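Enquirer: fold the following for me, if possible:
(one chain, ligands or ions: 4)
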Amino acid sequence: MHLLNADLHSHSFVSDGTLAPEAVAARAAEGGVQLWALTDHDEVSGQQRAREAALDLGMGWVGGVEVSVSFAGETVHIVGLGIDPECELLRAGLAATRAGRRERARQMADGLAQAGIAGAFEGALRHVGNPDLISRTHFARYLVECGVCAHTHEVFKRYLTEGRPGYVPHQWARLGDAVAWIRGAGGVAVIAHPGRYKFSANEEYALFTEFIAHGGAAVEVMTGSHSNAEQLRFADAAVEFDLLASRGSDFHSPEESRTALGALPDLPGRLKPVWEALAERIEGPVAA
Ligand code: AMP
Ligand code: MN
Ligand code: MN
Ligand code: MN
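Expert: Ligands and ions are numbered 1, 2, ... in the order given. Modelled structure (predicted):
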C-alpha cells in the first residue's frame, strides 16, 4: 500500500477549479491515480459525481473536502479525507463557512473599482461554477481575461493579497470546528500545504499542536505547493509530530496547475501514508 499512486487533493468547478468533477476524475485516471479524492473548498456537492466517475474509471475513491480556517491571523486550509458527504454536521459547518463569500466578493469588487477595474463582481461571477462559492480565483481569472494581468499568479500578487486593492480580510471557520466537522463525518483531518503559510516558528508549532489536540491526524507532505526543501521539512514534521502523511496535486485547471494529477513523487518510505488509516472509507479497487 505504501507506493499507491494516491492523489488526495484536487478541485472542480464546484469550487475554484475549471473542470467538472467527471473531467477531473478522467485526468486522474490518465495520470495513473489509483486512489483519488476531490477536495473542493468548503463544499461537498460534487462528491457523488466524483464517486461515480471514479468507480466507472476503475479508481479507488474517498470523500474529500478542503475547509477554509482562520488561525493566528492567516487563512489555513484543512483537508478532510474519508468524509461522508451526507453528514449533516459537516454540511451545516461548510454552509456557515461559505456564507460570507458573496458579501466579501462585493467588497473585493469595490476595492478593485477604486483601483480602476470596473465590473469585477459580475466579471468574476461569469467564471463561477457554483454561485455559493465565489472565490479570489474567479476574480483572478476575470482580471486575466480583461488583460489586466498575464497570469492568475500575478493577479494575486498585485491585487488579491494583503495590502492590495482587491484584498478583503475574512473570518473563516475555527480550527477546532473544522476538525470536529471532519471527524464527525467519519474523516481524517489533514493540514493542507503547510509550506504556504507565512507563520513564525512559534505560530507554526501552535498550528500543529492545536490541530493535534483537536484530533487532527495528518499533514500534506507531497503537494504541488511545496518546493523540494519544503517536502523534506514537512516530512520531518510528520515524524516529529507523529502525523500521517498525505499526497495531493491541488489540481485546479490544466492551464494554471503546476502539477498534473498523479505526478507527484511518492511519500518517503519513513512516513505513514494517510490512506492506511482510510481503508474502511475507500470505495473501489484499492478497498481493503
Ligand atoms: P479564497 O478561498 O477565495 O480566499 O481563494 C483561495 C484560493 O486562491 C486558493 O485555494 C488558491 O486556489 C488560490 N490562490 C491563493 N493564492 C494564490 C496565488 N498566489 N496564486 C494563484 N492562486 C492562488
Ligand atoms: Mn483553490
Ligand atoms: Mn488550499
Ligand atoms: Mn486546494
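
Enquirer: could you check stretch 15-32 against ligand 4 for contacts?
Expert: No. Using Cβ under 5 Å from the ion, stretch 15-32 never reaches ligand 4; the gap is at least 8.1 Å. C-beta coordinates here come from the backbone N, C-alpha and C atoms, glycine included.

Enquirer: can you give me the mean pLDDT across that stretch?
Expert: On average, the pLDDT along stretch 15-32 is 98.

Enquirer: list of residues touching it?
Expert: 5, 7, 10-14, 36, 38, 40-43, 46, 49-50, 53-54, 57-59, 66, 129-130, 133, 135-138, 251-256, 260-263 (Cβ atoms under 8 Å, 6 or more residues apart in numbering).

Enquirer: in helices, which of the residues you listed fall?
Expert: When helices are assigned by DSSP state H, the members of those inside them are Arg49, Ala50, Ala53, Ala54, Arg136, Thr137, His138.

Enquirer: show me which residues of the stretch 51-200 of the chain are close to ligand 1?
Expert: For the stretch 51-200 of the chain, the residues found near ligand 1 under the criterion Cβ under 6 Å from any ligand atom are Ser68, Ser135, Arg136, Thr137, Thr152, His153, Phe156.

Enquirer: by neighbours, which of the residues you listed wins?
Expert: Counting neighbours by other Cβ atoms under 10 Å, Thr137 leads those with 25 neighbours.

Enquirer: show me what contacts it?
Expert: Applying Cβ under 8 Å, 6+ apart, we find Thr137 in contact with Asp16, Thr152, His252.

Enquirer: how many neighbours does the last one have?
Expert: Each residue near His252 was counted by other Cβ under 10 Å, and the total is 22.

Enquirer: hmm, it is touching Ser12, no?
Expert: No. Between His252 and Ser12 no contact is recorded; they are 9.1 Å apart, counting by Cβ atoms under 8 Å.

Enquirer: rewinding a little: using JSON lines, please lay out the ones in helices among the contacts of stretch 15-32 together with distance to Ala229 and pLDDT.
Expert: Output for the ones in helices among the contacts of stretch 15-32, formatted as JSON lines (distance: Cβ to Cβ, whole Å; pLDDT from 0 to 100):
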{"residue": "Arg49", "distance to Ala229": "37", "pLDDT": "98"}
{"residue": "Ala50", "distance to Ala229": "32", "pLDDT": "98"}
{"residue": "Ala53", "distance to Ala229": "35", "pLDDT": "98"}
{"residue": "Ala54", "distance to Ala229": "33", "pLDDT": "98"}
{"residue": "Arg136", "distance to Ala229": "26", "pLDDT": "98"}
{"residue": "Thr137", "distance to Ala229": "26", "pLDDT": "98"}
{"residue": "His138", "distance to Ala229": "31", "pLDDT": "98"}
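
Enquirer: just flag the most distant two among the residues you listed.
Expert: Ala54 and Arg136 (28.2 Å; Cβ to Cβ).

Enquirer: returning to what we had before: and which of the residues of the stretch 51-200 of the chain next to ligand 1 is nearest Phe208?
Expert: Scanning those for proximity to Phe208, where the rule is Cβ to Cβ, the winner is Ser68, at 18.6 Å.

Enquirer: just the pLDDT for that closest one.
Expert: 98.

Enquirer: same thing with the one 5 residues further on?
Expert: According to the prediction, Gly73 has pLDDT 95.

Enquirer: residues contacting the residue of the stretch 1-150 of the chain found nearest ligand 1?
Expert: Scanning the stretch 1-150 of the chain for the residue nearest ligand 1 gives Ser135, at 3.2 Å (criterion: Cβ to the nearest ligand atom). Each residue near Ser135 by Cβ under 8 Å, 6+ apart is listed here: Ser15, Asp16, His41, Arg101.
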